[in-house]
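Q: what follows is a predicted structure for the sequence shown.
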Number of protein chains: 2
Amino acid sequence: MALIVQKYGGSSVADAESIKRVAKRIVDTRRAGHDVVVAVSAMGDTTDELLDLAAEVAPIPAPREMDMLLSSGERISMALLAMAIHSMGFEARSYTGPQAGMRTDDKYGSARIVEVNPKRVREALDEGAIVIVAGFQGLNDDTQDITTLGRGGSDTTAVALAAALKADVCEIYSDVDGIFTADPRVIPKARKLDHVSSEEMLELAANGAKVLYIRAVEYARRHGVLIHARSSFSAAEGTYVLGRGMLNPRESEGEVMEEPIVAGVATDLSQAKITIIGVPDVPGKAAEIFQIVAKSGANVDMIVQNVSAAATGRTDISFTLPKADASAALKALAGEQADIGFESLVHDDQIGKLSVVGAGMRTHSGVSAKLFEALSIAGVNIEMISTSEIRISVVLRGDELADAARAVHTAYGLDNEIEATVHAGTGR
Amino acid sequence: MALIVQKYGGSSVADAESIKRVAKRIVDTRRAGHDVVVAVSAMGDTTDELLDLAAEVAPIPAPREMDMLLSSGERISMALLAMAIHSMGFEARSYTGPQAGMRTDDKYGSARIVEVNPKRVREALDEGAIVIVAGFQGLNDDTQDITTLGRGGSDTTAVALAAALKADVCEIYSDVDGIFTADPRVIPKARKLDHVSSEEMLELAANGAKVLYIRAVEYARRHGVLIHARSSFSAAEGTYVLGRGMLNPRESEGEVMEEPIVAGVATDLSQAKITIIGVPDVPGKAAEIFQIVAKSGANVDMIVQNVSAAATGRTDISFTLPKADASAALKALAGEQADIGFESLVHDDQIGKLSVVGAGMRTHSGVSAKLFEALSIAGVNIEMISTSEIRISVVLRGDELADAARAVHTAYGLDNEIEATVHAGTGR
């Protein structure tokens, strides 16, 4: 008998029918002899509807009240889910984030978990009940007010509960079958991975993969939680995200070498590039520039500085950032043009980013050479390069991204024989 | 500076516009220099929508989960209301029932308040904030689970907070202007009362007046809370419901005799009549019958037993009860026909009840004679009569009720010179 934490997102509990389907799935797990704790999101578009209402009522809603408002969505879904389970003859109890012992700091809208004390959850499990916990929410430890955990907060709730309860596995259900070697909508021959290391998952998530939220993966990695990302529409196994100390076949040098070195190819069309032309090539300029950009609230990703032209003593600096952050960053930089002393700014929102991620890169050479070769054969020009220990990213023209990704996917031997079928629910 | 508790019902906060209107009203009260605590219901039809969802998910929803579900509606309205006030430049804080210290017993769906400890409410008031409290909900003191207070629960929340905080007045806002001498939809010449005693209010509410809930009035009477029932659509004063020890002009014998002796004429078409024919006229039969009826869950109102016919040693017993309870009561009685020994059952759902209520009845004679005289002139036949210290009720044919009420209203001198205008919102 295992202790299993399951997380169901908003699209899995969008209406009464879906809730009954999820309830059945939970009951099946219980019937198989396991203890079950479920973290659940608000139904379908509830959160968006509440956000709309708030916008109608107040131009800048008070953050404390916003969290009080948004946290009501999960109370609805969790109570309905508990009722549905109850009516199948199983004892089920729902708990709000505060009741489940999720203590957070006071950052309304994106609170960090400071402590998880699932006393009531444990008691309910001991009494044989299935426990349903509201995802996405906690209690401000200082003021006893409701907080929310921000985007992907229900994933974080599930992983944090799994860690605190020392669960055997944390199953994150969504409408896709697991983690793929690439986005199946871009590369139909993408293959589902049986396992991926949490480091790889972090790089994939940070570079465009949408299935799991970085924060939940990071929490799982730090607390040694085994995540199983799988589909609520199928009984098939999904992808296990291996925590610290769990064997990743792609990192082993020996016999188990059926796994390719590379875990996947991530693609991202959400970034823009800003180039600052004619920056005086003197010490401290880059620091000055990126302090200004950071202050504008922009989240800088890749940075490339050209070699200085000796004749002018000036250089160009390019960086990428989310498209949504670009105008604020441009405005901030333009306001400091005289101080920084650059010549002009160029904004480019037609870029695409391609990343190859694999823990095996640590021990296998030639991984990047293969990438550049594949892109060269495909006739794709590389504009920027950035690397980490287990990732290589390149910036390309956005309209060449899909072709480039297919070529690279094939070059690394990741192609599946059969093309993936994309579920109706995908993309929700 | 006074401390004012205000209660706004679901139709007063049905959408963003209504919420902003209510927020303005609250802010105006604060601007006038008063401390304000607000109890708010769920928006418009939220509770009904949640009930529908629950019915879709589970045929007999678990009561604990039902209360968790239903209590989410007030969290939405209270957070939106607090935001709206905040955006008008005033400090506002919302609290759930549990946070506001509403402790109840464990009767999910119709919990009784056992203690109110509004510590956080007081602190927020001391810090100058307007306080918004979720109506209709509390915390099961034993298990720390959410409870709801049942129908009219938000009125009870407001009155209980007013009592605990020793507020100067508890303003109950609705879409009608106050308590009338009769239902303005039945009698357009009905007059708004400036004040009514809580005893009168209890009799009016129990006999068909819908503006205030009996339970809230009873709580106010016991704890000496002054209720002011008024319209959220108008700035006009409504009706004060006077608590114990507050002077009711209709009871004073002296100079202030402009008020009529009678507070109002209540009408009620929601009852049915059951007559049990040929009951053996032996001691204990009535007790036997009404134990059976009570067990069926029916709420018996009036009871009349005919004089026994000496020849047969049998009598007829009639009683009224809510139409919705009639079939269960009939079934229960039919099942015990042999034991009780009656001859037959007659069910009549075409009755109407007319009640005349007035504290002045205690000290003024001739009140009931005037009623019977008015009905006689109007040609209306009386089928049953029941009286309390400050009320006379008669059962008539339902289709004669409106005419009878108009005649009685005129006879007691209650008619207004001008006919009341019924607000668009009335009846919601």
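A: Happy to help now that I have it.
Q: which element, helix or strand, includes residue A:65?
A: Per DSSP states H and E, residue A:65 falls inside helix A:63-70.
Q: the stretch 251-400 of chain A: helices as residue ranges?
A: With DSSP state H, counting those that start in this stretch, the ranges of helices along the stretch 251-400 of chain A come out as A:285-295, A:323-335, A:337-340, A:367-377.
Q: run through who's touching the helix holding residue A:65.
A: A:42, A:47, A:50-51, A:53-54, A:61, A:108-109, A:111, A:136-137, A:145-148, B:75-76, B:78-80, B:82-83, B:86, B:92-94, B:96 (CB atoms under 8 Å, 6 or more residues apart in numbering or on different chains). Heads up, the C-betas are built off the backbone N, CA and C, glycines and all.
Q: what do you get for stretch A:292-307?
A: Under CB under 8 Å, 6+ apart, the answer for stretch A:292-307 is A:271, A:286, A:290, A:315-322, A:325-326, A:328-329, A:331-333, A:336, A:340, A:353, A:384-386, A:393, A:395.
Q: list the buried ones in that stretch?
A: Within stretch A:292-307, the residues that count as buried by 16 or more other CB atoms under 10 Å in any protein chain shown are A:292-293, A:296, A:298, A:300-304.
Q: then stretch A:383-398?
A: Of the residues in stretch A:383-398, those buried (16+ other CB under 10 Å) are A:383-384, A:386, A:390-396, A:398.
Q: ok so, going back, okay if I get the buried residues of stretch A:292-307 as TSV plus pLDDT?
A: Below are those laid out as TSV (pLDDT from 0 to 100):
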residue	pLDDT
A:292	94
A:293	93
A:296	91
A:298	89
A:300	91
A:301	89
A:302	89
A:303	89
A:304	85
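Q: what's the closest of the residues you listed to chain B?
A: Ranked by distance to chain B (CB to the nearest CB), the buried residues of stretch A:292-307 are led by residue A:296 at 25.7 Å.
Q: could you check how far that closest one is from residue A:341?
A: 19 Å (CB to CB, to the nearest Å).
Q: residues of the stretch 51-200 of chain A that sit close to chain B?
A: A:53-54, A:56-62, A:64-66, A:68-69, A:71-73, A:75-76, A:78-84, A:86-87, A:92-94, A:96, A:99, A:120, A:144 (CB under 8 Å from any CB of the partner chain).
Q: show me these that map onto strands.
A: A:92-94 (DSSP state E).
Q: looking at those, which has the most residues close by?
A: residue A:94 (32 neighbours; other CB atoms under 10 Å in any protein chain shown).
Q: go ahead and confirm that residue touches residue A:78.
A: Yes. Residue A:94 is in contact with residue A:78 according to CB atoms under 8 Å; the separation is 4.2 Å.
Q: what's the overlap in contacts for those two?
A: Common neighbours of residue A:94 and residue A:78 (CB under 8 Å, 6+ apart) are A:132-134, B:68.
Q: quick check: the farthest pair among the residues you listed?
A: Largest separation among the shared contacts of residue A:94 and residue A:78 by CB to CB: A:133 and B:68, giving 12.0 Å.
Q: quick revisit: what's the most distant pair in the buried residues of stretch A:292-307?
A: A:296 and A:304 (19.6 Å).
Q: what strands line up against the lowest-mean-pLDDT helix or strand in chain A, and which way round?
A: The weakest-scoring helix or strand in chain A, judged by mean pLDDT, DSSP states H and E, is strand A:303-305 (a mean of 85). Paired neighbours of strand A:303-305 in the sheet (DSSP bridges): strand A:314-322 (antiparallel).
Q: just give me the closest of the buried residues of stretch A:292-307 to residue A:360.
A: residue A:302 (22.7 Å).
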